[in-house]
Structures are given as structure tokens and as C-alpha cells.
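Trainee: The sequence isn't on hand, but the structure is:
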């Protein structure tokens, strides 16, 4: 994988006192931290957390030199917020008036909950017809 040199690395390298042997730029290069298009976001987030980076280049798995795009922590947070909102919408509690049909709610002897109260002792019991 190709090495990455940041501006900060270049500035620090340039400020070092010259040595007898010329210091190679490769000595300050680090291994590139990338993501692939088919990776789960969970893995990309973990890689960001491990390296402390907030933006990763997305490269093709077949050709690691081909840049497909960039993924930023901001993008991952937007996706997480959208997921949380979808979960809240799915889990919201519906009022009983939306669950029990209107015609059933209009019958006074059946409560809106759909549960009948236990029969009291004063209610006359009708004999079964034979």
C-alpha cells in the first residue's frame, strides 16, 4: 500500500537539521489508512477510532490506487442520526383510537380497550335456549 505524507510531516521534516546522509522522504511516510466500498460502516468507524482519523479515502479493492471517494466522520454521524430517527418512528406508540376500528368504538357496551369488564352479581343471567 502506498505511504501517506501529510503537510505536517513535511513541515517537521523540513525543520530538522540537515544530516550527513540525506534523509529520505520515505522515512516519514506512514501506511495509508483507507476504506473499501463494500466494507460495513461499523468496520470503517472502528478504523477511524483506532487511527484517530476523521476522513478516510475509499479505494477500489481491485486497484488500491483508484480513489472511489471519501468518507468522513460527519457522513457516518448523519447516517446514524437517520437510523435513530427511523427506529423512533417505527417504535412510536399508536393511540388506541387508531388500533380499534371506529365501528367497534361506537358500541357503548364494549370499551375502547376491547376488554369486557367481568360480569357483576347484579347482572341478570339469561337462560340458555334449548
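Mentor: Good, I have the coordinates. Because the structure is a prediction, the values reported are computed rather than measured. Residues are numbered from 1 along each chain as shown.

Trainee: From residue 35, how far off is residue 76?
Mentor: Separation of residue 76 from residue 35 (Cβ to Cβ, to the nearest Å): 11 Å. Placement of C-beta: from N, CA and C, glycine included.

Trainee: more crowded one of the two?
Mentor: residue 35 (20 against 16; other Cβ atoms under 10 Å).

Trainee: For the more buried one, give me the backbone phi and psi.
Mentor: phi -130, psi 160 (degrees, to the nearest 10).

Trainee: returning to that earlier point: are there residues contacting both of residue 76 and residue 35? Which ones?
Mentor: residue 44 (Cβ atoms under 8 Å, 6 or more residues apart in numbering).

Trainee: Any chance you could list what contacts the helix ranked longest in the chain?
Mentor: The longest helix of the chain (DSSP state H) is helix 73-91. The contact list for helix 73-91 (Cβ under 8 Å, 6+ apart) reads 41, 44, 45, 48, 54, 55.

Trainee: What's the per-residue pLDDT of the fifth one here?
Mentor: This points to residue 54. At residue 54, the pLDDT value in this model is 91.

Trainee: and it, what is it in contact with?
Mentor: Residue 54 sits in contact with 48, 72, 73, 74, where contact means Cβ under 8 Å, 6+ apart.
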